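**Q** Just to be clear, the model below is a prediction. Sequence and coordinates:
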Amino acid sequence: AAIVAGLGVSAPGQAAAASSSSNSVTVASAVQTGVIEASVRLRSTPSNDGEIMKYLQKGDQVQILSQPNSYWYQVKTADGSVGYTSAGDKYISVSSASITTPSAQTGTIKYGVNLRVSPSTSGKIMKRMVASDI
């Protein structure tokens, strides 16, 4: 029996999966999207000193690539531009959607593993999984 789990993985290679026999887990990635709430600058670096690449308008959607600190998001715009924008709630609202991608990986749980809400050992544990769970 396969289990589909959204692990908060934002890029291939961030989750490792063991491979082999019967008990398997299909890993799905979580995509974070942002909607611009008020006009905001897209900058080349996560700093007010970064070059202004363009202005994002209210209603624009972006893909959140990372959050280098509590003040900035690295984002990808609809036209493919990658830069940094303010992480302030008045500028952007963020949501997550779990999706299964064609590049999902399959692995076998051989020992106990923590299923977490984010790809970090500091992420909240959703469930402790063992090989007998599957």
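**A** Cool, the structure landed.

**Q** buried set for stretch 39-48?
**A** 40, 41, 42, 43, 46 (16 or more other Cβ atoms under 10 Å). Every C-beta, even on glycine, is put in place using the N, C-alpha and C of the backbone.

**Q** do the same with stretch 47-56
**A** Within stretch 47-56, the residues scored as buried using 16+ other Cβ under 10 Å are 53, 56.

**Q** Residue 45 belongs to a helix?
**A** No. Applying DSSP: H, G, I helix; E, B strand; the rest coil, one finds residue 45 to be coil, outside a helix.

**Q** Switch the buried residues of stretch 39-48 over to JSON lines; also include pLDDT and distance to residue 130.
**A** Listed next are the buried residues of stretch 39-48 as JSON lines, based on pLDDT from 0 to 100; distance: Cβ to Cβ, whole Å:
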{"residue": "40", "pLDDT": "95", "distance to residue 130": "45"}
{"residue": "41", "pLDDT": "95", "distance to residue 130": "48"}
{"residue": "42", "pLDDT": "96", "distance to residue 130": "45"}
{"residue": "43", "pLDDT": "96", "distance to residue 130": "46"}
{"residue": "46", "pLDDT": "94", "distance to residue 130": "40"}
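
**Q** out of the residues you listed, who's nearest residue 87?
**A** residue 46 (9.3 Å; Cβ to Cβ).

**Q** Tell me how far that closest one lies from residue 37.
**A** According to Cβ to Cβ, to the nearest Å, residue 46 and residue 37 sit 19 Å apart.

**Q** Tell me which helix or strand residue 35 sits in.
**A** Element membership for residue 35 (DSSP states H and E) is strand 24-36.

**Q** same question, residue 65
**A** Going by DSSP H and E, residue 65 is part of strand 61-69.

**Q** Identify each buried residue in that strand, please.
**A** The neighbour-count check on strand 61-69 (16+ other Cβ under 10 Å) flags 62, 63, 64, 65, 67 as buried.

**Q** Against which helices or strands is the next helix or strand after it packed?
**A** Scanning forward in sequence from strand 61-69 by DSSP H and E, the next helix or strand is strand 72-77. Packing partners of strand 72-77 (3 or more Cβ pairs under 8 Å, 6 or more residues apart in numbering; DSSP states H and E): strand 61-69, strand 82-86.
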